[in-house]
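Colleague: The following comprises the amino acid sequence and a computationally predicted model.
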Number of protein chains: 2
Amino acid sequence: MDENCTVYKTVNVLSKKWNLLIIQSVYKSKNYTKRYTEIKKDLAEITPKILSQRLSELEQEGLITKEIDSSKVPIKSFYTLTNSGRELINVVKGMKNWGLKWKFPSDACERTRCRNCRL
Amino acid sequence: MDENCTVYKTVNVLSKKWNLLIIQSVYKSKNYTKRYTEIKKDLAEITPKILSQRLSELEQEGLITKEIDSSKVPIKSFYTLTNSGRELINVVKGMKNWGLKWKFPSDACERTRCRNCRL
DNA sequence: CCGGATCCTCTGCGATACTG
DNA sequence: CAGTATCGCAGAGGATCCGG
């Protein structure tokens, strides 16, 4: 495998820590949009620095868009999945189904819409 | 999302650096079996320490099995995908198809069996 | 209050060399 | 051939601070 291979490059982008969980967190929300603080609350263990870094990278990669409402205080940031970002949910679902089958069976997650992951 | 969620735990295992590429490298081989040096050659940029670490972890996770032929020198190690490891190829394929569509189009990889990734 | 930025610490990846 | 030993450094994590 050389570094020009699509698989190689894609895996390196997607398997960067937190990326798929951020995508999934935003995907769960209405209109595929979430605020910075909501994502941070959803991914309890992520630190603000890392979340900012990842969101910025995902924006540059074209997987999410950012909008800022500074019309009134407090200023609010909204992050929305692009079309490409939305389609990534299939990858997350693939991982979930594999995990349910082979590693981490969970009654809660078996349901079509788990309370945690909503997939 | 709490840390008991199947999605959370599964993503953390699978998105660890090199894991999916190792799985895919072994998957491409006859009988889903590859030797240490062959994997290292296939993933040119991986270092021996990291490859050893990852293989050991993947073995503990039950995704690969290891067999050593020490009957004659040089000693040879064989790594084989388990059933759960084989099924992970669907996740890799999902990533590949997403990457082809949105990020890294490639004529070579578009073919059903790319010379590099064989997926 | 919200959305970060800053500073510091520390795990863990990467590179090179070496060995049973 | 299939790894280990050692070292250096980037990036993840933790705590705190700050402008709007």
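Modeller: Sure, I can see it.
Colleague: Can you tell me how far the most centrally placed residue in chain A is from residue A:79?
Modeller: A centroid search over chain A (C-alpha atoms, centre = their mean) returns residue A:23, at 1.4 Å, as the residue closest to the centre. Residue A:23 sits 10 Å away from residue A:79, taking C-beta to C-beta, to the nearest Å as the criterion. Just so you know, the C-beta spots here come from the backbone N, C-alpha and C atoms, and that holds for glycine as well.
Colleague: Mutual contacts of the two, please.
Modeller: residue A:64 (C-beta atoms under 8 Å, 6 or more residues apart in numbering or on different chains).
Colleague: Would you mind pointing out the helix or strand the residue nearest to the centre of chain A falls in?
Modeller: Using DSSP states H and E, residue A:23 sits in helix A:19-27.
Colleague: Report the separation between the residue lying closest to residue A:116 once chain neighbours are set aside and residue B:22.
Modeller: Spatial nearest neighbour of residue A:116, chain neighbours left out: residue B:5 (4.1 Å); criterion: C-beta to C-beta, 6 or more residues apart in numbering or on different chains. Distance, residue B:5 to residue B:22, using C-beta to C-beta: 25 Å.
Colleague: try residue A:103
Modeller: 17 Å.
Colleague: These two: who's more crowded?
Modeller: Neighbour totals were compared for residue A:103 and residue B:22, and residue B:22 leads with 25 against 16 (other C-beta atoms under 10 Å in any protein chain shown).
Colleague: per-residue confidence for that one?
Modeller: Per-residue pLDDT puts residue B:22 at 98.
Colleague: Ok, residue A:112 next?
Modeller: 68.
Colleague: any idea how far the nearest residue to residue A:15 once chain neighbours are set aside is from DNA strand C?
Modeller: Sequence neighbours aside, residue B:15 is the residue nearest to residue A:15 in space, at 4.1 Å (criterion: C-beta to C-beta, 6+ apart). Residue B:15 is 11 Å from DNA strand C, where distance means C-beta to the nearest atom of the strand, to the nearest Å.
Colleague: Cool, thanks, talk later.
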